[in-house]
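K.L.:
okay, sequence plus prediction incoming.
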Amino acid sequence: MACASCQNPFRINAHFHENSRILSPKLEFSNVNFGSTIEFSSLASASTSKEYGVLVHSLPNADGSMNEKVPTPILDMVENPMHLKNLTSKELKQLADDIRSELSIMSKTQKSVKASLPVIELTVAIHRVFHAPVDKILWDMADQTYPHKLLTGRRSLMHEAKPIDDLSSFTCRSEFDPFGAGHGCSSISSGLGMAVARDIKGKKDRIVAVISNETTLAGQVYEAMSNAGYLDSNMVVILNDSRHSLHPKLEKAPKTSVNAISSTLSKLQSSKLFRKYRELAKVLTKKVGRGMHEWAAKVDEYARGMIGPSGSTLFEELGLYYIGPVDGHNIEDLVCVLHEVASLDSMGPVLVHVITKEDYEVEDNQMKSEEHHEGSFSFDSLPSNSRPQTYSDHFVKALITESERDEDIVVVHAGMGMEASFQLLKNALQDKFFDVGMAEQHAVTFSAGLSCGGLKPFCIIPSAFLQRAYDQVVHDVDRQKIPVRFVITSAGLVGSDGATHSGPFDIAFMSCLPNMIVMAPSDEIELARMVTAAAHIDDRPVCFRYPRGAIANMNPNSYPGEEIEIGKGKILVEGKDIALLGFGSMVQNCLRAHSLLAKLGIDVTVADARFCKPLDIQLVRTLCKNHSFLITVEEGSIGGFGAHVAQFISLDGQLDAGIKWRPITLPDNYIEGALPKDQLALAGLTGNHIAATALNLLGRTRDALLLMC
C-alpha cells in the first residue's frame with residue numbers, strides 16, 4: 001500500500017456574475033475556505049484475469065482548485081464500449097460502482113446527472129451485449145445518458161468547467177449517438193425509421209431504444225409503438241421503469257415486483273427455445289385453421305398477462321413482444337436477457353421491462369464520495385432566502401395572491417420536470433394544480449376543456465416544450481377563442497442548457513395567431529401586473545413569456561394590484577436623438593445602452609412595448625414622430641416583435657416619412673450552451689451591442705468600435 005498525504009486549502013468560489021438581464025449590480029457570494037488534510041491510498045486490485053493499477057483523478061473546480069475523488073480502476077481503463085466485452089461479471093459490477101462514484105461527485109454541481117444514477121447497470125449491460133456504434137443505441141431522456149457518455153469516450157468533456165456546446169449536456173448526433181435527444185419521446189419513432197431503412201438497405205445492425213416512465217406520458221411513444229407493431233421490423237425497446245409517478249394516488253398503488261420467479265420467467269420469455277416453440281405453435285395453428293390460430297393467440301395473451309405485471313398486455317396489444325420485469329440493478333440478469341434478445345432474427349419489435357430504483361446506491365462508494373466532497377458547493381443547497389430570486393419565484397407569489405381573490409384559477413403544468421418554485425404553487429393550490437408531465441399536447445387541450453367548464457386555467461409550459469403542442473394551441477384554443485392563459489417559461493436563451501432547451505421562437509409562433517394576446521414583462525413588477533391582467537381576460541387566449549434566471553430586482557416586495565391596459569406600452573426615459581423600443585427582458589439592456597450613450601452625450605428614449613400583439617400603435621407613432629431613428633430589441637427569433645413593428649410602420653407610412661428602423665433579434669442560428677452573459681454577447685443583445693447599433697445609425701462608427709473593444 002502506497003499512501004500519499006496532501007494538504008490543500010480547498011477554496012470554493014460562488015460568484016453570480018453580472019447578467020445582462022439584471023439591472024442591479026452583480027451579486028457575489030463570499031469565498032468559503034476549507035482547510036483540509038486529505039489522505040488517499042493507491043491499491044493494486046487483482047481480478048481473475050488482469051491486474052489494474054488504480055488511477056486517482058483530480059477534477060478542477062471553477063476557480064482552478066482540485067477535488068480528489070475515490071479511485072475508479074475499471075472505469076479508468078474503459079475508453080470505448082469494446083473494452084467491456086472481456087470483463088467478467090465481477091468486473092462489470094465494479095465498473096458500475098465506479099460510474100456511480102463518478103456521477104455522485106458530478107451530481108454535486110450538475111443537477112441533471114442524478115437521473116442517470118438508476119440506469120448505470122442497464123447502460124453497462126447494453127454496451128456489454130450490443131456493439132455500438134454499429135448497433136444504434138437511442139435514448140429518449142438526455143438526463144439519463146451520462147453513464148453512456150462515460151463509456152463512449154466523453155469522460156473528459158463532462159468535467160469541463162465551462163462547456164461551450166451540448167456535447168457534455170445533451171445527446172447530439174455523433175459517432176455513438178445516431179439521433180439527438182433532449183425533449184424525449186423521439187427514440188422509438190427515430191429507431192423505427194432506422195430499422196426500416198436498415199431492412200430496405202439489407203443491413204444487419206440492431207436498433208435499441210431506451211424509454212422511461214416520464215416518456216410514456218407522451219402520446220408520440222404510443223403512436224410509434226403502434227406503428228412498430230404494424231411494420232414488424234426488428235428493434236428492441238427498453239422501458240426503464242423507475243417506479244416514478246406524477247400522481248400521488250398511483251404512488252400508493254402496488255408496485256411491480258421483481259423476484260426469483262419473475263426473473264426466471266423473463267429469462268424463459270427471452271430464450272431461443274421458448275421463442276422457437278412459440279413460432280412453431282403459430283405456424284401449426286395457422287395450418288389447422290378453423291379459428292385455432294386466434295384461439296391460441298388469446299390463450300398466449302391471457303397466460304402472459306397472468307404471469308406478467310399489470311399493464312404488460314398493453315404493449316402486446318400494440319404489437320411488441322413483452323419481456324419482463326427484469327431487475328435493472330442485476331447486471332447478470334440484464335446481460336442474460338439482453339443477450340437473448342439481441343439474437344432475435346425475425347421476432348419484430350420487443351419490449352424489455354426493466355425495474356430500477358431512483359435512490360439506488362452502493363453504500364461504500366457513496367459514503368466515500370460524500371466524505372471526499374463534504375465541502376462541495378451546490379447552488380441547490382443554498383437556502384431559498386439566500387439564493388437569487390427568479391422570475392418564477394415572483395410569478396408564483398403573484399399567482400397565489402391572485403388565486404386567493406379568484407377561486408376559479410387553476411394551474412396546468414407540463415414539460416420535463418418542474419422548477420422548485422412551482423412546488424410552492426402546487427402546495428398552495430393543491431387539487432387545483434395539475435402536473436401532466438411530458439404531455440404538452442394534452443396540457444393545452446385539457447386547459448381548453450377546463451376553461452370551457454368555467455374555470456380560469458394558467459397553462460405553464462417552457463417555451464421549448466410549447467413547440468410540441470402548437471397544433472393544439474392553434475385549433476383547440478386560438479381558433480375557438482377559448483381563454484387559456486399560457487405562461488411561457490425559460491423564454492429566450494437558457495445558459496448551459498443550450499439550444500436544446502432554449503426558447504427563441506415563441507414570440508413569432510404565438511403572435512401570428514389571430515386571437516392571441518402576446519405580452520412580456522420587463523421586470524417582476526410588470527410580471528405581477530400581467531398575471532392580474534391575464535386572470536381578467538375572459539374572451540380570448542393570452543400568453544406572456546419570461547426568461548430563466550434572476551429578476552431585474554426593481555422592487556422585490558412590491559406587487560401592485562392595478563391592471564395594465566391591454567395593448568398599451570410605456571415610455572421609461574424620454575430623449576430626442578434616438579428611440580429604443582424593448583420587448584420583455586431586453587428592456588433592461590436598453591436601459592444599460594441608455595446609460596452608455598448618455599455618457600457620450602446622446603439623448604435616448606427608452607420605451608417598454610409590453611405587448612407584441614396587440615401592438616401599441618400610438619406609442620410606435622409617437623416614437624417615429626419625435627425621433628429620426630428607431631431600434632427594436634427582443635430576445636427572440638426573426639419574425640417576432642420587430643416584424644410586427646416593421647409591418648405597422650411600413651403600412652402606416654412611417655418609413656416613407658423618413659424614420660430609420662433597425663431590428664435587434666437573436667441571430668438566425670442555434671446558440672449552444674454557455675454562460676448567459678456569453679450567450680447574449682454571441683447573440684449581439686448586450687447593452688454594449690445595442691449602444692453600438694445606435695452609434696452606427698448616428699454615423700459615429702469609431703465610437704461604436706471603441707464601445708465593443
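P.N.:
Now that the structure is in, tell me what you want to look at. The shown structure was predicted, so the numbers you read here are calculated from the model rather than taken from an experiment.
K.L.:
what sits up against stretch 470-482?
P.N.:
With contact meaning CB atoms under 8 Å, 6 or more residues apart in numbering, stretch 470-482 is reached by 441, 444-445, 447-448, 451-452, 466, 484, 486, 509-510, 513-516, 539-541. For every residue, glycine as well, the C-beta is placed using N, CA and C.
K.L.:
could I get the buried residue list for it?
P.N.:
For stretch 470-482, the neighbour count (16 or more other CB atoms under 10 Å) marks 470, 472-474, 476-478, 482 as buried.
K.L.:
just the ones of the residues you listed in helices?
P.N.:
470, 472 (DSSP state H).
K.L.:
could I get the buried residues of stretch 470-482 as a markdown table with distance to Tyr321?
P.N.:
Listed next are the buried residues of stretch 470-482 as a markdown table, based on distance: CB to CB, whole Å:
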| residue | distance to Tyr321 |
| --- | --- |
| Tyr470 | 35 |
| Gln472 | 33 |
| Val473 | 38 |
| Val474 | 38 |
| Asp476 | 36 |
| Val477 | 40 |
| Asp478 | 43 |
| Ile482 | 43 |
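K.L.:
between the buried residues of stretch 470-482, which is closest to Gly673?
P.N.:
Tyr470 (24.6 Å; CB to CB).
K.L.:
so what pLDDT did the closest one get?
P.N.:
On the pLDDT scale, Tyr470 is placed at 95.
K.L.:
also Pro25?
P.N.:
Pro25 is given a pLDDT of 36.
K.L.:
which residue, neighbours along the chain excluded, lies closest to Pro504?
P.N.:
Ser637 (4.5 Å; CB to CB, 6 or more residues apart in numbering).
K.L.:
so which residues of the stretch 1-150 of the chain form strands?
P.N.:
Remark: strands assigned in the stretch 1-150 of the chain by DSSP state E, counting those that start in this stretch are 2-12, 15-16, 27-28, 32-42, 44-46, 51-53, 58-60, 66-68, 136-139.
K.L.:
and the first one, average pLDDT?
P.N.:
Over the span of strand 2-12, the pLDDT mean works out to 36.
K.L.:
any stretches of the stretch 301-450 of the chain with poor pLDDT?
P.N.:
301-312, 345-346, 359-387 (pLDDT under 70).
K.L.:
and the helices in it?
P.N.:
312-317, 331-342, 363-372, 391-405, 421-429, 440-452 (DSSP state H, counting those that start in this stretch).
K.L.:
so of those, which one's packed in deepest?
P.N.:
helix 440-452 (a mean of 22; mean count of other CB atoms under 10 Å).
K.L.:
what is the burial count for Ile507?
P.N.:
33 (other CB atoms under 10 Å).
K.L.:
go ahead and confirm it touches Gly640.
P.N.:
Yes - the pair Ile507 / Gly640 is scored as a contact, 3.5 Å apart, by CB atoms under 8 Å.
K.L.:
find residues that contact each of these two.
P.N.:
In contact with both Ile507 and Gly640: 583, 612, 634, using CB under 8 Å, 6+ apart.
K.L.:
among those residues, which ones are buried?
P.N.:
583, 612, 634.
K.L.:
how about the contacts made by the last one?
P.N.:
Residues near Glu634 by CB under 8 Å, 6+ apart: 507, 582-584, 586, 640-642, 663-666.
K.L.:
for the residue nearest to Arg155 when sequence neighbours are not counted, give me the pLDDT.
P.N.:
Excluding its sequence neighbours, the residue lying closest to Arg155 (CB to CB, 6+ apart) is Lys149, at 7.4 Å. As predicted, Lys149 sits at a pLDDT of 89.
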